[in-house]
Each structure stands twice: as structure tokens, then as C-alpha cells.
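Asks: Requesting a structural model of the entry that follows:
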Amino acid sequence: MSKITQRTRTEKLLLEAARIFNSTLEYEDLLESVLKLVMTAAGSEAALVFRVDHHRSDMKIRFMLCAECDMKVIKRELNEEVTHWASRFREPFIVNNASDNGFVDPELSALVGIKIRTVLTVPLIGKGHMIGVIQALNKADGEFTDADQDMLTGLNNQIAVAIDNAHLYREVKREALEKNLLLEVGMKLSSSLNLDEVLRAIMSSLKQVISYDVGGVFLIDPEEMKVKSIFVVGYDPSYDEKLQLKIGQGLIGSVAHTGEPVNVPDVSKDSRYVDANPKTKSELVVPIKLGDKILGVINLESDQLRAYDRRTISLVSAFASQAAISLERARLHQSLLDAKKLDEQLNIAREIQRSFLPERDPAVAGYDVCGTNISSGQVGGDYYDFIRIVDGHTGIAIGDVSGKGMPAALIMASFRASLIAEIRNNYSIRTICQKVNSLLFESMESGNYVTAVYGVLDARHHILTFSNCGHNLPVLLRKNGQVEYLAEGGPVLGVTSDATYEERAMVLSPGDTVVLYTDGVTEVFDKNGVEFGLDRLIEVIKKNKAKSAKEIQAAIYAVVTKFASEDHIYDDLTMIVIKRLPV
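Replies: Residues are numbered from 1 along each chain as shown. Prediction:
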């Protein structure tokens, strides 16, 4: 082949590669296209590709035989032999007598189902690091040449970038799916009274983000001191007796006893494993708890070794928290059925489903009221709401859950549902806070808590009655410049079962401004580690007191973000501004 012909062929392949790699970000589709491109570029009968992932204990090899053009996924455990085999690929090379020099891994050759004669290997380099390997196998018309190697090397950068981008896209999709599933399951838990239906939803939702072959939800029977299967997926019915365990027996019974999750990468090496599925190789068991009380466990089993990691444990734990809340909700709803209040609570559940945050600011006669939540990009624990009580009375709520991520969102969903339910049943603000605290104490794990302020604005008589449950001090700026704080209330919610709360009523005069906020506003630090703090917040409110509620919020946000250091990691910024308009 002449140099001109070779150059033209290379240019065509580079253009074709660019077209292919710009057409999809789906990981598996992209790897299938990569394999076809490698076979075309090298003129080989088959090809394989694998990505290096230092966080995994196994490797996935994608293989394609040209005659079939179907991609196969081959899993290899990273034992010493496989690691040695993969370590050879840090430089491109050609082997045209693979079967004679001992280069071919016999197990891999058997798995792909072909006799490997010739091999062309090129490492994929991305950002200066080896991210994977491509191999052309069995040259169709003889032996691989330096020209074939140059061809694949020329495609190296495009392939590496495309695989990296597709992997990142897959991870972003996975995280988004997990967050959406969290919210979806939370809504189902808030609306469903059927425990089997809720647990079915949890297991099916888990299946979308976690690979498991068999699994189930098991609950403790305190009278018999046994763990009984309540909803299972994939087990042979003939093994049902093995799934009914005494507390402390097997991995499921052990977690039901200790209340701590267990991840077993190889069940053959754990004497606690009960063989209820002959194909199982690894198992994850996570407790379902309400506070210190263990209600049961979620159990997942896989036919693969080392199938689960820390991320999986965290995600399943979040779903287990949902399961715990669902059990408590079922009990509460049954109680409401007995009291003939089911219809009212179902309406509340439908309201919870619509959204955690209000769709619009309320229209309150004589007042300028607005709220905002500026997300940090995570699933956070901030919350605010405007709740219509009766004509002229508007509920004002703001809250913050300890921690971040999915567990915090679950707790906030429970808090909001409990708060709205108690508002419908009680008018006394201190009674509402006490009952919400009791519900959260029963349903949250030790160490979690919620800070909140709940109040009612009586627009006719210009009275704001509130209770502060361990939250950041809201600021009341009088028209004359005097500053007051909304401090009266009680401790944070969910820490003790018998906490009591007080309420305070204050008169709002024309020109008065109230600002409620979460710690994402004041706990911001500059490059010297100095905190923004309450005094600076008050200064901003004073400078902008003549402006509208929305303009005050915007001014606070602008000053806070300007104050923060460049590397500051923001929390959610949530604010409510209430201004009584001039008469």
C-alpha cells in the first residue's frame, strides 16, 4: 500500500471515527462501535476492548467476532494471572505467533471461543494515563503490520476520549436515576397504605440501579423471635423454609440482631451464609430500623463475586430507611382509619407527591412574601413552604435536616408529611411541634435531627405566631432599624421523644421585615476562614430594607456569594422574606 493510499485510508477512518463517536454517549453502544472500528482499521477477524477501573476487583472485557457482529461481555476476576496478563499492555505491540510464545491467556481464549493466532495491542491513553486497551485479533489476510499498528495508534486518542465521556455520561445518568428513584419511592411511601405494594416498589426500584439476582425484604416477628420473608424476588419456592430464620441465624438473622449492614464479597468464605440459592456468590444485607428498633432487613444476593461496594450499601440503606418509614406510616394510617380520618390524610399524601417546595409565592393581603431555595447541586435537606390554614392565616415553614444526600431527603419528606398532617389536626403551634418531634424520633436513626421554624401569619390582625425548633435565628428588622430575633421555641426535632415547645406572637408594623434562612446563608467562609455570620446578614437586610422581598433575597445571595472564597463548597441557600407593606 502506497503512503498516499495509507494516508487517505487513515484520514477516512479518522473521519468515520469522529462521526461514530459523536453519534452516541451510551456506553455499551459506543463500545460496540469501537470494536467494529478496530476490526475495520486493522483488518482483523475479532477485537476486544476493556477499560481499566482501579475501584473494581474484576474487569469486563467486551469482545466481538466479525462473523457474528454481536458484542459479548466477559467478566474476569482480577487474580494474579489476569493482572499479569493485563499489565503487558502499557505499550503497543504486535504478536504474530501468539499460540507459540505463550502470550495468549488460555482461559480468555476459551471464553471468547476462538483460537487466537495473531494479536495487535494498543493501550488507550487519556489525560496522560492508561485508561484501557484495544486488541485486534487474528489478521484476516496474514499477519499484522506496522501500518496496522500506526492505524490503531492514530485512533487511540479519539477512542480514549469517547470512552471516558461515555463512562462519565453513564455515571451521571446513574446518579440522576438514583435521585429520581429516591423521590419516586418517597412519594409512593407517602401515599400508599398497602405494605406489600410499597415493598414491591422498593425492590423493583432497587433493581433499576443495583444488579441483584435474588433478594427480598424480611421482617422480624417479635413474638416468635424469627425473621420471616415478607416479599422476595427470584428464590425457588422450594427453598422457602430456609428463608424463615431465627434472629441471629444466617447473615439475615445476624443483621436483624446487630442492626449493622453486612457486605459479604464471597459467601463461600462466611460460615453464616444460609444456602437458599445455589448460584449466589456474594450477598448484601441492610437493616430496616426506626430509631434504635430493628424492624427487619433488605437482602440482596448476586451470582457474581464482590458484586457490592460502599456506594451500594449507602443506597440500599436509604431505601431501607424508606421501608422503615412506610411501616410507621402504615401504622399511623391504620390509626387514622379507625378515627375515620383516612380521606383527609390521603389528600395530604397527594399534596406531598406534588412537590417538596411551593410552586409559587403566596398572595397575602398587605404583605410582600417570597421564598427561594438555591440548590447546591446535591440532594439536600433544606425545605420551605407556605401553607394555607384558613382565610387570612398562612403557615410559614422553613427547615434543615442534618447531613446531605438521599438519607437527608428521606427525613425531610417524613418531616414535611408529618408537619402538614399535624397542622390539619391541631391549631396550637407548640402542639404541632411536639407531635412532629415525636414522629421523627420514632422514625429516624440516632444522630439525625431536623431544625425548623414554623409559624402562622395572621394578615388581618398583623400577628406572626411562631415556634423555633433549634433553627438559625430568624431576623425581624423594625422600620426604625431595631433588630429582634425569633428565638422562642425549643430543641431540634427528633433527638428526644418528650421535648416540649413554646410559641410567641409578635405584631408586625408597616415597614417591618422578617427574614428566615438556613445555615447555607450564614455559614459561608471567605479565603481567610472568616464566617459570613449573622451580623453581616443583618447589615445586608438593613441596607436593602426599602426594596421588595425578592430584591432583598437577591441582595443577600449576591453578597454571600461575593464573600465566599473561590473554593467554598456551598450548602443549599434557602430563605423566606416577609414584609408588611406601608399603609
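
Asks: From now on I want contacts and neighbour counts done on CA atoms only, so please keep to that.
Replies: OK.

Asks: Tell me the secondary structure at residue 319.
Replies: The local conformation at residue 319, judged by DSSP: H, G, I helix; E, B strand; the rest coil, is helix.

Asks: how distant is stretch 491-503 from the center of its chain?
Replies: Here stretch 491-503 is found 29 Å from its chain centre; the criterion is Cα atoms, centre = their mean, to the nearest Å.

Asks: Equivalent analysis for stretch 362-371, please.
Replies: Using Cα atoms, centre = their mean, the offset of stretch 362-371 from its chain centre is 35 Å.

Asks: Now the terminal residues of stretch 52-62, how far apart.
Replies: 12 Å (Cα to Cα, to the nearest Å).

Asks: and the strand or helix carrying residue 451, what does it pack onto?
Replies: Residue 451 is part of strand 450-458, with elements assigned from DSSP states H and E. Where contact means 3 or more Cα pairs under 8 Å, 6 or more residues apart in numbering; DSSP states H and E, strand 450-458 is packed against strand 393-401, strand 463-469.

Asks: 10 Å instead, please
Replies: strand 382-390, strand 393-401, helix 405-425, helix 429-443, strand 463-469, strand 489-490, strand 504-507, strand 513-517 (3 or more Cα pairs under 10 Å, 6 or more residues apart in numbering; DSSP states H and E).

Asks: can these go into JSON lines with extra columns for mean neighbour count?
Replies: Shown next, in JSON lines, are those (neighbours: other Cα atoms under 10 Å):
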{"stretch": "strand 382-390", "mean neighbour count": "20"}
{"stretch": "strand 393-401", "mean neighbour count": "22"}
{"stretch": "helix 405-425", "mean neighbour count": "21"}
{"stretch": "helix 429-443", "mean neighbour count": "22"}
{"stretch": "strand 463-469", "mean neighbour count": "23"}
{"stretch": "strand 489-490", "mean neighbour count": "21"}
{"stretch": "strand 504-507", "mean neighbour count": "14"}
{"stretch": "strand 513-517", "mean neighbour count": "25"}
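
Asks: where in the stretch 51-200 of the chain is pLDDT low?
Replies: 54-58, 67, 77-89, 99-105, 128, 171, 173-195 (pLDDT under 70).

Asks: Could I get the full set of strands for it?
Replies: Using DSSP state E, counting those that start in this stretch, the strands of the stretch 51-200 of the chain run over 58-65, 71-77, 93-95, 119-126, 129-139.

Asks: can I see the domain layout of the protein?
Replies: As recorded under automatic domain parsing, the domains making up the chain are 3-171, 192-333, 355-580.

Asks: Does residue 512 touch residue 545 like I think?
Replies: Yes. Using Cα atoms under 10 Å, residue 512 is in contact with residue 545, at 8.6 Å.

Asks: Touching both of the two, which residues are there?
Replies: Between them, residue 512 and residue 545 share these contacting residues under Cα atoms under 10 Å, 6 or more residues apart in numbering: 477, 478, 479, 481, 579.

Asks: how about the nearest residue to residue 548, chain neighbours excluded?
Replies: residue 368 (7.1 Å; Cα to Cα, 6 or more residues apart in numbering).

Asks: Same list (the helices and strands packed on strand 450-458) but as CSV, adding mean pLDDT and distance to residue 243.
Replies: Conversion of those to CSV gives the following (pLDDT from 0 to 100; distance: least, Cα to Cα, whole Å):
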stretch, mean pLDDT, distance to residue 243
strand 382-390, 89, 40
strand 393-401, 92, 37
helix 405-425, 80, 29
helix 429-443, 92, 27
strand 463-469, 96, 44
strand 489-490, 96, 46
strand 504-507, 96, 55
strand 513-517, 97, 50
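
Asks: Could you report the neighbour count for residue 33?
Replies: 16 (other Cα atoms under 10 Å).

Asks: which strands and helices sit next to the helix or strand containing it?
Replies: When elements are assigned from DSSP H and E, residue 33 belongs to helix 27-42. For helix 27-42, the packing partners by 3+ Cα pairs under 10 Å, 6+ apart come out as helix 3-21, strand 44-51, strand 58-65, strand 71-77, strand 129-139, helix 146-191.

Asks: Now with 8 Å, please.
Replies: Secondary elements touching helix 27-42 (3+ Cα pairs under 8 Å, 6+ apart): helix 3-21, strand 44-51, strand 58-65, strand 129-139, helix 146-191.

Asks: May I see the buried residues of it?
Replies: By neighbour count on 16 or more other Cα atoms under 10 Å, the buried set for helix 27-42 is 27-28, 30-42.

Asks: Need the max-distance pair from these.
Replies: Farthest pair in these (Cα to Cα) is 27 and 42. Separation: 22.5 Å.

Asks: ok, residues contacting the helix or strand hosting residue 534?
Replies: If you go by DSSP H and E, residue 534 is part of helix 533-543. The contact list for helix 533-543 (Cα atoms under 8 Å, 6 or more residues apart in numbering) reads 475, 477, 481, 522, 523, 524, 552, 555, 556, 559.

Asks: show me the residues around the fourth one that make contact.
Replies: With contacts taken as Cα under 8 Å, 6+ apart, residue 522 has the following neighbours: 531, 532, 533, 534, 537, 560.

Asks: Could you pull up phi and psi at it?
Replies: As for residue 522, its main-chain torsions (degrees, to the nearest 10) stand at phi -90, psi -30.

Asks: what do you get for the third one?
Replies: Dihedral pair for residue 481: phi 100, psi -10, per degrees, to the nearest 10.

Asks: Give the burial count for it, as a bare number.
Replies: As a burial measure, residue 481 scores 11 neighbours (other Cα under 10 Å).

Asks: need the contact list for it.
Replies: So residue 481 contacts residue 542 (Cα under 8 Å, 6+ apart).

Asks: Which pLDDT value does the model give it?
Replies: Model confidence at residue 481, expressed as pLDDT, equals 93.

Asks: if I look at it, how far off is residue 538?
Replies: Look at residue 481 and residue 538: by Cα to Cα, they are 10 Å apart.

Asks: same deal with the last one?
Replies: As for residue 559, its distance to residue 538 is 12 Å (criterion: Cα to Cα).

Asks: coming back round to it: which members of the contacts of helix 533-543 are the farthest-apart pair?
Replies: The span of those, defined through Cα to Cα, is set by 481 and 524 at 25.0 Å.

Asks: which one of the contacts of helix 533-543 sits closest to residue 59?
Replies: Nearest member of the contacts of helix 533-543 to residue 59, counting by Cα to Cα, is residue 524, at 42.7 Å.

Asks: Just give me the neighbour total for that closest one.
Replies: 21.

Asks: I'd assumed residue 564 was in contact with it.
Replies: Yes. Here residue 524 reaches residue 564: they are 5.9 Å apart, a contact under Cα atoms under 8 Å.

Asks: and for those two, which residues touch both?
Replies: Common neighbours of residue 524 and residue 564 (Cα under 8 Å, 6+ apart) are residue 532.

Asks: quick revisit: name the member of the contacts of residue 522 with the most neighbours.
Replies: The most crowded member of the contacts of residue 522, judged by other Cα under 10 Å, is residue 560 (23 neighbours).

Asks: doesn't that residue fall inside a strand?
Replies: No. Using three-state DSSP, the assignment for residue 560 is helix, not a strand.
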